[in-house]
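**Q** Here is a sequence with its predicted model. Questions after.
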Amino acid sequence: MKISTPEKIRNFVVAGHNGCGKTTLCDLMLYKAGAVDRLGSVDAKTSISDFNPDEQEKRSSIYSSYLNCVWDDVQMFFTDTPGYGEFVGEMISSFRSCGFALLVADGVEGIEVGFTRGWKYSKQFLLPKLIVVNRLDREMADFDAVLEQLQETYGALVCVPMTIPVGKENSIDRVIHVLHTPDAEIPAELKDKVEKYRSQIMDAVAETDEALTEKYLAGEKLTPEETVTGLHAAVKSGALAPVYACVSGKDVGVKELMDGIAEMMPNPLERVRKTNDGNQMVPKSDGPAAAFVFKSALDPFIGQMAYIRVLTGTIKSNSDIYNLNTQSKERIGQLLLLNGKTQIPVDEVCPGCICGVAKLKATKTGDTLGDSLTENHPMPRQTYPAPVISYAIYATKSGEEDKIINGLQRLAECDPTLVIQRNDETHESLLGGMGEQHIMNAVKNLKALSKVDVNLEAPKIPYRETVTGRGEASYRHKKQSGGHGQFAEVHLRIEAIPEGFEFVNAIVGGAIPKNFIPAVEKGIHEAMERGPLAGCLVENMRVTVYDGKYHAVDSSEMAFKIATRRAFKEAMAKAKPVLMEPLLNVKIMVPDAYTGDVTGNLNHKRGRILGMSAEEGLQVLEAEVPQAEMQKYATELRSMTQGKGSHEISFARYDVVPANVMNEIIAKFKAENDEEEE
Ligand SMILES: Nc1nc2c(ncn2[C@@H]2O[C@H](COP(=O)(O)OP(=O)(O)O)[C@@H](O)[C@H]2O)c(=O)[nH]1
Ligand SMILES: [Mg+2]
């Protein structure tokens, strides 16, 4: 089999809130097009798209799944994405690899955060959009109400219906196509509406081209070909996001949707992308081929599987290609067309195709493959949102630490939103992700992959210590034990500076001989690794050694280090020491109804609200909040907003811990470290 007509390819991502019927819609499209011989069902755990056992258990998507079918003579590639914010990494990779977006909204709930996210990424990846209002058979479903909400949020002339339902709720059994349904088949009560939407669509169509505008204004009818060309242009430019009414559970409105996709949506040759060095990548059927690897997965049977999106040219099974990023040779084995877990060998693929290829030897997610090292250029790498939650990971069985880290690193190669980090301040290995479920899922996958168990704990907060004043102290270390003794005396001064660390040697007249100064500096560094207040890293100070004493026989580097550490501790105690804590920048997106609860909660968390704005129907709050208060925030926000809120975090800065909180931390540290004193 060969796929060699990019003009006949439609490549799209299906996105929206969880539960709005995306997977059901995808299963139905496969079935209607004859790609599968039975209709899959999420509820019966027979979905083609949700084929992973964890997804079947949950009856909801966790991973993106790659599907394809032929509708009329159009080859459709589509990607069913999970709606939960926690699996946003899967969504981003899919948006990147597709040519347009099919955004699904629920007929009862209307715009939910998953839909907003889909809209946001469609904009970010410059994807034209189609909208489906789905599950209209449910009680309280209201196409007109959802349409109104869409129009208010994204523009009345952007979201125009292409189909509308006949009947309401359970009685809906067909839709009317605003342009195609003959007048005789339109119920009287819908005639005005259809007329209105038809003229809105034709306005948008006419506006795409001067000649069409003139013809239209002169009252002439546009030909069907002109209409399709105009629709295509209006959708491609983003001026129009046609809305379709559907009941994916009952196969209502889906034929019209698939026809619309085939008829007016752009093909892969129409999308010019920028390469990493700013060149334009204009897709063609011929010339040196290029493809990028937008995702990898660990397939239980074939090991590492790369998912590629062909950008230009033709790629053949069992052929040589280059990895343009590493400039090394790569071998493409058997190319596979994917329908969920079904893999169909294919000999040749063209621009727009998405396929799997097993066992690339030196290619990672994000790399670009190409026939020519001179004519093809690597594509930019995708960035992913930073983790919003982190756990410290401990091996359940000691000795398995390395196995755990290796396993997690393999998982992270397939999921860029999983981040494994070693924190040298707290001496913990941290696993970061997009939410509780995401992390639990990773742990489950780790167990399956590496047969290891891990314990998750809230990570220690990397507090730091500093001073706000100035303090001087001296210490004489003197010991006489058996043979020759130990002697060193160090006088030093500590002062606050805004940032970093400075060491000043102000010794005159050799009170401490030059050769012992490095030992003094080392003693300071050692003391600063474990501060006197709570054993944290010490920073932002100048330390000046200004006097001391030595003994020709008994002084040693060790003696000077010990004296320095003691002097440091005393000087720091006099220099008004404080604890500092990491603050996070937190950006929270919630429907307005929850703003009060969310800000109230932030106040409890010692958060400081920096700004508030509205963005596509949601309130966006920006705040600075201590990291110590944010461990459970993903879960708290979900329950506070019934899953309608989302947030992003990034490190902001260190700030002084308020005295009452500081005293608690110090008391806790003292209690835990009571016995252990030098
Ligand atoms: N009433 C009704 N239920 C539907 C329809 N489409 C899907 N469902 C159900 O809605 C639930 C969520 O569907 P699913 O396809 O998994 O949604 P997804 O999370 O968007 O992929 C399942 O129980 C489906 O059976 C529909 O058109 N009408
Ligand atoms: Mg789903």
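**A** Sure, I can see it. Numbering: from 1, shown residues only. Ligands and ions are numbered 1, 2, ... in the order given.
**Q** and stretch 599-619, what's its mean pLDDT?
**A** Within the predicted structure, the mean pLDDT of stretch 599-619 is 91.
**Q** Low-confidence ranges, the stretch 201-350 of the chain, go.
**A** Low-confidence regions of the stretch 201-350 of the chain, defined here as pLDDT under 70, cover residues 300.
**Q** do the chain as well
**A** Per-residue confidence of the chain (counting by pLDDT under 70) places the weak regions at 300, 482, 675-678.
**Q** Show me what from it comes close to ligand 2.
**A** Lys22, Thr23, Ser61 (CB under 5 Å from the ion). C-beta here means a position set from N, CA and C on the backbone, and glycine is covered the same way.
**Q** Of the residues you listed, which fall within the contact range of ligand 1?
**A** When the residues of the chain next to ligand 2 are checked against ligand 1 using CB under 6 Å from any ligand atom, the ones in range are Lys22, Thr23, Ser61.
**Q** ok, back up a step: I'd like the list of the residues of the chain next to ligand 2 that fall within strands, please.
**A** When the residues of the chain next to ligand 2 are checked against strands using DSSP state E, none is located there.
**Q** Give me the domain ranges for this protein.
**A** Here the domain assignment for the chain is 7-184+238-269, 273-370, 389-457, 465-575, 581-661, based on automatic domain parsing.
**Q** anything in the shortest one near ligand 1?
**A** No: between domain 389-457 and ligand 1, judged by CB under 6 Å from any ligand atom, nothing touches; the nearest distance is 13.9 Å.
**Q** who's in contact with the residue in the stretch 401-550 of the chain that ligand 1 sits nearest to?
**A** In the stretch 401-550 of the chain, the residue that lies nearest ligand 1 is Gln437 (13.9 Å; CB to the nearest ligand atom). Residues in contact with Gln437 (CB atoms under 8 Å, 6 or more residues apart in numbering) are Tyr84, Glu86.
**Q** May I see the buried residues of the one helix or strand it maps to?
**A** Taking DSSP states H and E as the definition, one finds Gln437 inside helix 436-450. Of the residues in helix 436-450, Glu436, Gln437, His438, Ile439, Asn441, Ala442, Val443, Asn445, Leu446, Ser450 count as buried by neighbour count, 16 or more other CB atoms under 10 Å.
**Q** same question, stretch 581-594
**A** Buried residues in stretch 581-594, counted by 16+ other CB under 10 Å: Glu581, Pro582, Leu583, Leu584, Val586, Lys587, Ile588, Met589, Val590, Pro591, Tyr594.
**Q** Among those, list the two that are farthest apart in space.
**A** The largest distance within the buried residues of stretch 581-594, taken as CB to CB, falls between Glu581 and Pro591 and amounts to 30.9 Å.
**Q** Let me see the contact set for the closest residue in space to Gln200 that isn't next to it in sequence.
**A** Here the nearest residue to Gln200 in space, its sequence neighbours aside, is Val160; by CB to CB, 6 or more residues apart in numbering that works out to 4.7 Å. Contact analysis of Val160 by CB under 8 Å, 6+ apart lists Tyr197, Gln200, Ile201, Ala204, Leu240, Pro242, Val243.
**Q** Present the ones next to ligand 1 among the residues of the chain next to ligand 2 as JSON lines; the columns should include neighbour count.
**A** Compiled in JSON lines, these are given as follows (neighbours: other CB atoms under 10 Å):
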{"residue": "Lys22", "neighbour count": "29"}
{"residue": "Thr23", "neighbour count": "29"}
{"residue": "Ser61", "neighbour count": "25"}
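**Q** Ser390: which of these is nearest?
**A** Comparing these against Ser390 with CB to CB places Ser61 closest, at 24.6 Å.
**Q** what's stretch 130-150 in contact with?
**A** 12, 16, 20-21, 25, 100-108, 110-111, 159, 161, 164-165, 168-170, 172, 235, 241-250, 252, 257, 260-261, 265.
**Q** Please indicate which of those residues are buried?
**A** A residue is treated as buried here by neighbour count (16+ other CB under 10 Å); on that basis the buried members of these are 12, 16, 20-21, 25, 100-108, 110-111, 159, 161, 164-165, 169, 172, 235, 241-249, 252, 257, 260-261, 265.
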